[in-house]
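> Need a 3D model of the following:
(3 chains)
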Amino acid sequence: MILTLSVCSPFSLSAVVRSHGWVRLAPFGTDARSGGLTRVERLDSGRVVELLVREAASGVSVEVQDRLTAAEQEQVIAKMTWMLGLKQDFSAFYALARDDPKLAHVEERAQGRVLRCPTLFEDTIKTILTTNTSWAGTIRMVEALVSEFGDPSPADPARHAFPTPDRLASTDEETLRSSVRLGYRAPYVLELARAVALDELDLESLKSANIPTAELRKRLLAIKGVGEYAMANLLMLLGRYDFIPVDSWALKMVSHEWHGGQPVDRSEVEAAFEHWGMWKGLAYWFWDWSYTGEA
DNA sequence: GGTAGACCTGGACGC
DNA sequence: GCGTCCAGGTCTACC
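Presented below is the predicted three-dimensional model:
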């Protein structure tokens, strides 16, 4: 069956998919034939479905092989609306970006949305697994976590949904270290899964929490394994752009963009985008960096 | 509040 | 094939 979802214009599915690396992390994927976004998802009913998302004339279409109940359809629509930011409006950002040659492209390309997971739990785990490792390491750790603990897809048992907090909470640190090879991140993932599974931490409520960004920042930093970089990355995914996820790449880019290749620190990255105010994070994310790292 | 050192893994490199 | 070095953020202890 096919579900059709409306979007807030301008919208580009490929812009969302290419907004960062999440599409390369299981259980996301791309369909070689159609070029669409794929996702293996476990619904509240317990059913595991494969979703194929494509751009449609009036928005996006979501193809599911199974016949879903009304409740399941509603859930797929809600998840997809969040993941693709279908209702997000960037007109205020575009109005400012028009005047800057380094960002003048964003409106035309419909950039601004960042692909996110259906749950903040999954986004947080994945963000922790991006820290202090290479991108190849992140892909490997997420793949191992998903294939080890995620429910398999009936259509293709080689593919799995992202594990639930309960399932991860039921494992132990040694398994996460030796089998999934999370290294020192294992206790962070386990502690987070257990806190969510035991309802000690309601991460999902933060998606709609009407609280100042400073308070949200404090709550995210209270999660073990989430530091300044991870916190800013999660805030971006939550639609708050007041902070910049400063990692080694950001330091390199800002160094070459404004400081002639001289080493810079976090404060200089933040200073470079300070005048973008509440859009700071987005301005940094979609900036047209001239430095490519080539000699 | 700022800083040093430890935490793990995988890739690059030299032997 | 083996050993060493390095890159990548966060935490903890200490000042």
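
> All the helices of chain A, residue numbers only.
With helices called from DSSP state H, chain A shows them at A:13-17, A:70-84, A:91-97, A:105-108, A:120-128, A:135-149, A:165-169, A:173-178, A:186-197, A:213-221, A:228-237, A:248-258, A:266-273, A:280-285.

> Serialize these to a markdown table and add fields for mean pLDDT, mean neighbour count and distance to DNA strand B.
(C-beta placed from N, C-alpha, C; glycine too.) Output for the helices of chain A, formatted as a markdown table (pLDDT from 0 to 100; neighbours: other CB atoms under 10 Å; distance: least, CB to the nearest atom of the strand, whole Å):
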| stretch | mean pLDDT | mean neighbour count | distance to DNA strand B |
| --- | --- | --- | --- |
| helix A:13-17 | 96 | 20 | 24 |
| helix A:70-84 | 97 | 17 | 28 |
| helix A:91-97 | 97 | 16 | 30 |
| helix A:105-108 | 96 | 16 | 32 |
| helix A:120-128 | 98 | 23 | 12 |
| helix A:135-149 | 96 | 18 | 5 |
| helix A:165-169 | 97 | 19 | 17 |
| helix A:173-178 | 94 | 15 | 5 |
| helix A:186-197 | 97 | 20 | 7 |
| helix A:213-221 | 95 | 15 | 12 |
| helix A:228-237 | 97 | 22 | 11 |
| helix A:248-258 | 93 | 17 | 13 |
| helix A:266-273 | 93 | 17 | 9 |
| helix A:280-285 | 97 | 22 | 19 |
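
> what residues are up against the closest residue to residue A:102 other than its chain neighbours?
Distances taken as CB to CB, 6 or more residues apart in numbering place residue A:288 nearest to residue A:102, at 4.6 Å, with adjacent residues excluded. If you count contacts by CB atoms under 8 Å, 6 or more residues apart in numbering, residue A:288 has them with A:101, A:102, A:103, A:105.

> same thing with residue A:117?
A:22, A:83, A:123, A:126, A:162.

> residues in contact with the last one?
When you say that, I think you mean residue A:162. Residues near residue A:162 by CB under 8 Å, 6+ apart: A:26, A:27, A:42, A:117, A:119, A:122, A:146, A:150.
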